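Colleague: Mind looking at a prediction? Sequence and model below.
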Amino acid sequence: MDLALYAVQAVLVEGRSVRDVAGATGRSKSWVQRHAALYRMGGEEALVPRRRGPKVSPTQTPANVEDAIVAQRKELVEGGFDAGARTVSYHLSQRGLAVPAVSTIHRILVRRGFVTPQPQKRPRSSWQRFEADLPNECWQTDMTHWHLKDDRHVEILNFIDDHSRAVMASVAVEVATAPEVVRIFFETAATYGLPASLLSDNGAIYTAAYRGAATGLEIELASLGIAFKHGKPYHPQTQGKVERYHRTLKAYLRRRPDAKNLRVLQAQIDCFVLTYNEERPHQARGCPPMQAWRARDRATPVLDGQPLPPATKVRHDKVDTTGVVTLRYRSKLHHIGIGRAHKGRRVLLLVCDLDIRVIADDGELLRRLTLNPSVDYQAISRTTV
């Protein structure tokens with residue numbers, strides 16, 4: 001029984017004195033008298049405590065702001081994008097709205113039925129996270145599976161910058177082979193520069209160490225001084241950033257019509273990557289990934305004790321029978337002497353404006369020179385390294 005009702009009945013029904021009831025309930029005499037008076041005027045309903053304070057709390061989120069939060073959430077979900085409280089907050093702030101705290105947005109989404117609390121999830125404090133300090137300090141790469149409209153299986157190869165979470169490349173292919181990985185890696189490096197290291201799983205397209213051999217990518221990276229790291233077998237959390245990107249990309253693609261061919265699928269992926277990199281804020285960075293990628297100087301690999309400038313371009317070639325490789329600079333073809341002793345060897349040409357380095361497939365620096373644009377044949381001199 002409610003204490004107030006008990007006190008009132010003890011006084012009015014049982015006829016006990018106010019002093020006696022106050023002592024028995026541990027309340028003051030005025031408290032007993034006040035509740036007895038309330039009961040006489042309105043019965044038991046008068047004893048129910050009334051809400052104090054203003055009818056509308058001055059700190060309550062305005063209805064129009066709540067509606068904007070819900071509308072933004074629906075827009076993101078229908079577009080196939082992540083739509084957590086942080087993402088909603090970012091997009092609303094970009095529209096110039098007065099945005100409440102992220103925790104408030106989360107509570108609104110829970111109250112309106114858009115978010116189901118999941119207390120069984122591991123707490124953030126239990127996570128062990130790592131992150132590269134600089135852009136291009138480490139790229140993560142992995143392949144994921146997808147299907148076309150006719151249920152034909154295809155694969156998507158991805159490269160993610162560990163520091164910024166920017167998507168360096170996301171390419172749909174029929175089958176992700178080791179040569180395809182090499183091709184896509186160098187096409188990506190031609191745009192964004194070479195990374196100082198690369199992290200992947202132990203898939204056959206990345207490593208052949210378990211067969212006592214080496215893949216094309218392992219050979220190419222070793223020759224460039226780029227560290228190639230692999231996660232533990234059956235432990236995808238090591239490559240967690242690119243794995244998380246797979247989930248985000250697939251959520252977007254599921255909201256799109258099934259692509260009838262690779263060209264249409266690649267167009268869908270390119271549209272998503274543009275939004276992901278330039279518009280969508282990443283929760284770990286608080287801004288779009290490419291904004292974070294551009295905000296700091298980029299790390300570079302170190303070859304023969306010298307860092308490779310970010311503008312370095314990589315070109316594959318083979319030394320011909322006369323000991324020469326060719327290079328086109330500003331539409332003019334130049335011949336670079338390497339030496340007949342190296343004929344038939346496959347080489348990498350690292351080109352940074354006029355600075356040229358020629359590297360053998362085993363990492364040996366065959367020649368370094370400053371290109372003379374006015375001369376066709378770049379002869380070997382006694383001072384050539």
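Modeller: Nice, I can see it. Since the model is a prediction, treat every value here as computed from it, not as a measurement. Numbering: from 1, shown residues only.
Colleague: use CA for all of it now, contacts and neighbours both
Modeller: Fine.
Colleague: what's around residue 83, how many residues?
Modeller: Residue 83 has 18 neighbouring residues, counting by other CA atoms under 10 Å.
Colleague: Which strand or helix spans it?
Modeller: In the assignment (DSSP states H and E), residue 83 maps to no helix and no strand.
Colleague: Can you show me the strands along the stretch 1-150 of the chain?
Modeller: Along the stretch 1-150 of the chain, the stretches classed as strands by DSSP state E, counting those that start in this stretch are 139-147.
Colleague: neighbours around the closest residue to residue 133 other than its chain neighbours, how many?
Modeller: Counting by CA to CA, 6 or more residues apart in numbering, residue 133 lies nearest to residue 163, which is 6.1 Å off, once chain neighbours are set aside. With neighbours defined by other CA under 10 Å, the count for residue 163 comes to 22.
Colleague: With residue 349 instead?
Modeller: Residue 349 has 22 neighbouring residues, counting by other CA under 10 Å.
Colleague: what helices or strands is the helix or strand harbouring it leaning on?
Modeller: Element membership of residue 349, judged by DSSP H and E, is strand 346-352. Contact analysis of strand 346-352 by 3 or more CA pairs under 8 Å, 6 or more residues apart in numbering; DSSP states H and E lists strand 313-318, strand 355-360 as its packing neighbours.
Colleague: Buried deepest among those, which one?
Modeller: Between those, the one whose residues have the most neighbours on average, counting mean count of other CA atoms under 10 Å, is strand 355-360 (a mean of 20).
Colleague: which residues are in contact with that one?
Modeller: Among residues not part of strand 355-360, those counted as contacts by CA atoms under 8 Å, 6 or more residues apart in numbering are 223, 345-351, 365-371.
Colleague: ok so, going back, make TSV out of the helices and strands packed on strand 346-352 and add mean pLDDT and distance to residue 248.
Modeller: Listed next are the helices and strands packed on strand 346-352 as TSV, based on pLDDT from 0 to 100; distance: least, CA to CA, whole Å:
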stretch	mean pLDDT	distance to residue 248
strand 313-318	88	31
strand 355-360	91	39
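Colleague: Next, the buried residues of the strand holding residue 349.
Modeller: Neighbour counts using 16 or more other CA atoms under 10 Å place 346, 347, 348, 349, 350, 351, 352 of strand 346-352 among the buried residues.
Colleague: which residue packs closest to the second one, ignoring adjacent ones?
Modeller: Spelled out, it's residue 347. residue 360 is the one closest to residue 347 (CA to CA, 6+ apart), at 4.5 Å.
Colleague: how near is residue 184 to residue 321?
Modeller: Computed as CA to CA, to the nearest Å, the residue 184 to residue 321 distance reads 29 Å.
Colleague: Which residue ranges of this structure form helices?
Modeller: With DSSP state H, the ranges of helices along the chain come out as 3-12, 18-25, 29-42, 63-79, 85-94, 102-111, 178-192, 216-224, 240-254, 262-278, 289-295.
Colleague: what's in contact with the last one?
Modeller: Outside helix 289-295, the residues within contact range by CA under 8 Å, 6+ apart are 135, 163-167, 276-278, 280-282, 285.
Colleague: Weed out the non-buried ones from the residues you listed.
Modeller: With neighbours counted using 16+ other CA under 10 Å, the contacts of helix 289-295 contain these buried positions: 135, 163, 164, 165, 166, 167, 276, 277, 280, 281, 282.
Colleague: With respect to residue 300, which of those is nearest?
Modeller: Closest to residue 300 out of the buried ones among the contacts of helix 289-295 is residue 135 (9.1 Å), distances taken as CA to CA.
Colleague: List the contacts of the residue lying closest to the closest one once chain neighbours are set aside.
Modeller: Residue nearest to residue 135 in three dimensions, not counting chain neighbours: residue 298, with 4.9 Å by CA to CA, 6+ apart. Contact partners of residue 298, counting by CA under 8 Å, 6+ apart, are 134, 135, 136, 137, 310.
Colleague: Count the residues that sit near the residue lying closest to the third one once chain neighbours are set aside.
Modeller: The shortest distance from residue 136 to any residue other than its chain neighbours is 4.5 Å, reached at residue 195 (CA to CA, 6+ apart). Residue crowding around residue 195 was assessed by other CA under 10 Å; the count is 22.
Colleague: Quick check: residue 195 vs residue 298, distance?
Modeller: In this structure, residue 195 lies at 9 Å from residue 298, with CA to CA as the measure.
Colleague: anything in contact with each of these two?
Modeller: Residues within reach of residue 195 and of residue 298 at once, by CA under 8 Å, 6+ apart, are 136, 137.
Colleague: OK, contacts around residue 46?
Modeller: 38, 39.
Colleague: picking that back up, please tabulate the helices of the chain in JSON lines, including the columns mean pLDDT and distance to residue 381.
Modeller: Below are the helices of the chain laid out as JSON lines (pLDDT from 0 to 100; distance: least, CA to CA, whole Å):
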{"stretch": "helix 3-12", "mean pLDDT": "84", "distance to residue 381": "104"}
{"stretch": "helix 18-25", "mean pLDDT": "86", "distance to residue 381": "107"}
{"stretch": "helix 29-42", "mean pLDDT": "87", "distance to residue 381": "106"}
{"stretch": "helix 63-79", "mean pLDDT": "80", "distance to residue 381": "61"}
{"stretch": "helix 85-94", "mean pLDDT": "81", "distance to residue 381": "59"}
{"stretch": "helix 102-111", "mean pLDDT": "82", "distance to residue 381": "65"}
{"stretch": "helix 178-192", "mean pLDDT": "92", "distance to residue 381": "30"}
{"stretch": "helix 216-224", "mean pLDDT": "87", "distance to residue 381": "24"}
{"stretch": "helix 240-254", "mean pLDDT": "92", "distance to residue 381": "47"}
{"stretch": "helix 262-278", "mean pLDDT": "95", "distance to residue 381": "47"}
{"stretch": "helix 289-295", "mean pLDDT": "93", "distance to residue 381": "40"}
